[in-house]
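**Q** Structure, please.
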Amino acid sequence: MKSLTISEFRSDIAEAIKSLPKSPIAISRHGEDVAILMSVSLYEKAIAAMEDLEDLEIYDEVISSKEKFIPLKEVMKDLGI
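**A** This next block holds a predicted model:
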């Protein structure tokens, strides 16, 4: 991942944005990364991956619980759906 100081980023914002499809950019201040700049498509992929992980965590919690489960078809039938 490319890294730029805030000053470097300010001096050539257009070039930094042009390079985003290739790789995210870490923005640093006083030697410490303070932000990550990434393309919209990479951001959307990252959000989708995090949502998938959350779904897997919920699935694991449900499977490991001792609660009785009612099949969806049975619930729908009881509700008249």
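
**Q** going forward, measure contacts between C-alpha atoms and count neighbours the same way
**A** Fine.

**Q** what's the distance between the spatially most central residue of the chain and residue 72?
**A** Centroid check for the chain by CA atoms, centre = their mean gives residue 47 as the closest residue, at 2.6 Å. As judged by CA to CA, to the nearest Å, residue 47 and residue 72 stand 28 Å apart.

**Q** repeat for residue 58
**A** The value you get for residue 58 to residue 72, if CA to CA is used, is 17 Å.

**Q** quick one, which of those two is more surrounded?
**A** Ranked by neighbour count (other CA atoms under 10 Å), residue 58 and residue 72 place residue 58 first, with 12 against 9.

**Q** if I look at that one, how far off is residue 67?
**A** 14 Å.

**Q** For residue 38, list the residues it contacts.
**A** By CA atoms under 8 Å, 6 or more residues apart in numbering, the residues touching residue 38 are 20, 21, 23, 24, 25.

**Q** Could you tell me which of the residues you listed belong to strands?
**A** Using DSSP state E, the members of these that fall in strands are residue 25.

**Q** By neighbours, which of the contacts of residue 38 wins?
**A** If you rank the contacts of residue 38 by neighbour count (other CA under 10 Å), residue 25 sits at the top with 21 neighbours.

**Q** just checking, that one touches residue 4?
**A** Yes. The pair residue 25 and residue 4 passes the contact test of CA atoms under 8 Å, sitting 7.1 Å apart.

**Q** And for residue 9, the neighbour number?
**A** Residue 9 is surrounded by 18 other residues when neighbours are defined as other CA under 10 Å.

**Q** Give me the pLDDT for it.
**A** Predicted confidence (pLDDT) at residue 9: the value is 95.
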